[in-house]
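J.: Any chance you can model this:
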Amino acid sequence: MKAIVVAAGMGRRLQPYTDDRPKTMVPIRGRTILGRQLAAYRAAGIEDIVVVRGYLGDRITEPGVRFVDNPDFRSNNILASLMCAAHELDDDVVISYADIVFHPGVVEELLASPADHALIVDRGWARTYVGRTLHPISEAELVRLDAAGRIAALGKGSVPDPADAVGEFIGLARFSRAAARLLRDTYTRLQGEVDPGQPFVRAPRFQVAYLTDLLQHLVDQGTAMAPVFIDGRWREIDTTQDLESAERGGDFE
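T.: Below is the predicted model:
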C-alpha cells in the first residue's frame, strides 16, 4: 500500500500564507498540513508516500517521502497532477488532496473497506459550511447515491439540490490494484480521444479536469464506487477563513 498526495496547486486563496510556500506546507497549530497527513498515514501503516509537487515544490521539506513533479501546474489541474504519477498507479493506493487534514482513524476506516473504489464521504458536511463565506456550498464535491447505495454522482455541481446529497467527498480515497490501473489506463485512453480544450464531464476543459471528473466518468461507464462514511474528523484548508477556523482546533486532531 502506498499513498499519493497531490500537492501541485498554487493555493491562491490562502495568500499571503502561500506567498513563500505551497499550500500543503502551511502550518496548523504548529504542524504543516502535509505533516499531519503523513502522521495519519504512518499511524495506519502506510510508509511509502509520494508527493506530486508543482508550485514552489522545492520547499516541501517533510522527510521520508518520494517526489514527482508537475511542470505544467499553472495550466492544468488536480487530475493532470495526479497523472504525473501515473507510473505509481500500479498497486493498492490511497490518494489525497494536499489541502485536507484528517484524524488517523479516518485512514484506518478507509483501509478497512473491501471495495475496489472506496471514497471517504462526510455525512456531516453541511455544518462545516456554516459561516464559511469564502468557500460556498457550490464548491463542495457533493455525493449522491443510487438505490443500491453506490455512488451515482460526485463532484462540484454534481448534485444541483444539496438536500439530495448524502455527503461530501473529502478528497481521500483508496483504490485496489485493479482500480488504480483502471484510473491510469482510462486517463491514458482519454488523452488520445479528448482534445485538451474540450469539455470533460463537468470540467470546462479536459486539461483542467478534477479527479472527481474522471471518477464520474467511470461511474457513468458502470464502475461501482463505494462510500466510506464519516461524520466530521477532517477539515479542508482552502481559504484564510478555513485556516483561521482550523487554528482554533477541531476533531481532526
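J.: Strand partners (parallel or antiparallel) of the top strand by length along the chain?
T.: Looking across the chain with DSSP state E, the single longest strand is strand 167-175. Using DSSP bridges, strand 167-175 pairs in its sheet with strand 93-97 (antiparallel), strand 117-122 (antiparallel), strand 141-145 (antiparallel).
J.: will you turn those into TSV that also has distance to residue 151, mean pLDDT and mean neighbour count?
T.: Bear in mind the C-beta positions are built from the backbone N, C-alpha and C, glycine included. Shown next, in TSV, are the strands paired with strand 167-175 (distance: least, Cβ to Cβ, whole Å; pLDDT from 0 to 100; neighbours: other Cβ atoms under 10 Å):
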stretch	distance to residue 151	mean pLDDT	mean neighbour count
strand 93-97	15	98	25
strand 117-122	7	98	25
strand 141-145	6	98	23
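J.: Quick one: the ones you listed as CSV, columns for distance to residue 4 too.
T.: Output for the strands paired with strand 167-175, formatted as CSV (distance: least, Cβ to Cβ, whole Å):
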stretch, distance to residue 4
strand 93-97, 5
strand 117-122, 15
strand 141-145, 18
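J.: List just the one of the ones you listed that sits closest to residue 5.
T.: strand 93-97 (5.3 Å; Cβ to Cβ).
J.: Find out how far that closest one is from the centre of the chain, if you would.
T.: Strand 93-97 sits 7 Å away from the centroid of its parent chain (Cα atoms, centre = their mean, to the nearest Å).
J.: contact partners of that strand?
T.: When contacts are defined by Cβ atoms under 8 Å, 6 or more residues apart in numbering, strand 93-97 is touched by residues 1-6, 37, 41, 46, 78, 82, 107, 110-111, 170-175, 180, 211, 236.
J.: For PyMOL, write a command that selects the buried ones of these.
T.: Paste this into PyMOL to select the buried members of these, with burial taken from 16 or more other Cβ atoms under 10 Å:
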select buried, resi 2+3+4+5+6+37+41+46+78+82+107+110+111+170+171+172+173+174+175+180+211+236
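J.: follow-up on the earlier one: any idea how far the next helix-or-strand element following the longest strand of the chain is from the chain center?
T.: Under the assignment DSSP states H and E, the closest C-terminal helix or strand after strand 167-175 is helix 177-193. Relative to the centre of its chain, helix 177-193 is centred 18 Å away, using Cα atoms, centre = their mean.
J.: All the strands of the stretch 1-150 of the chain, residue numbers only.
T.: For the stretch 1-150 of the chain, applying DSSP state E, counting those that start in this stretch gives strands covering 2-7, 27-28, 31-32, 48-53, 66-69, 93-97, 100-102, 117-122, 141-145.
J.: can you tell me which of those strands comes nearest to residue 245?
T.: Of all those, strand 27-28 comes closest under Cβ to Cβ, at 9.9 Å.
J.: could you give me the average pLDDT of that closest one?
T.: Summarised as a single mean, pLDDT over strand 27-28 is 98.
J.: Then stretch 201-211?
T.: 97.
J.: distance between the ends of it?
T.: For stretch 201-211, the first-to-last residue distance is 11 Å (Cα to Cα, to the nearest Å).
J.: Stretch 6-25 too?
T.: 13 Å.
J.: and what of stretch 139-154?
T.: End-to-end distance for stretch 139-154, by Cα to Cα: 12 Å.
J.: Show me what it is in contact with.
T.: With contacts defined as Cβ under 8 Å, 6+ apart, stretch 139-154 is touched by 119, 121, 125, 129, 155-156, 158-159, 162, 164-169, 171, 210, 212, 215-216, 219, 224-227.
J.: And the buried ones among these, selectable in PyMOL?
T.: Buried residues among the contacts of stretch 139-154 (16+ other Cβ under 10 Å), as a PyMOL selection:
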select buried, resi 119+121+125+155+158+159+165+166+167+168+169+171+210+212+215+216+219+225+226+227
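J.: In helices, which of the contacts of stretch 139-154 fall?
T.: 212, 215, 216, 219 (DSSP state H).
J.: My guess is residue 162 contacts residue 136. True?
T.: No. Residue 162 lies out of contact with residue 136 (Cβ atoms under 8 Å); the separation is 10.6 Å.
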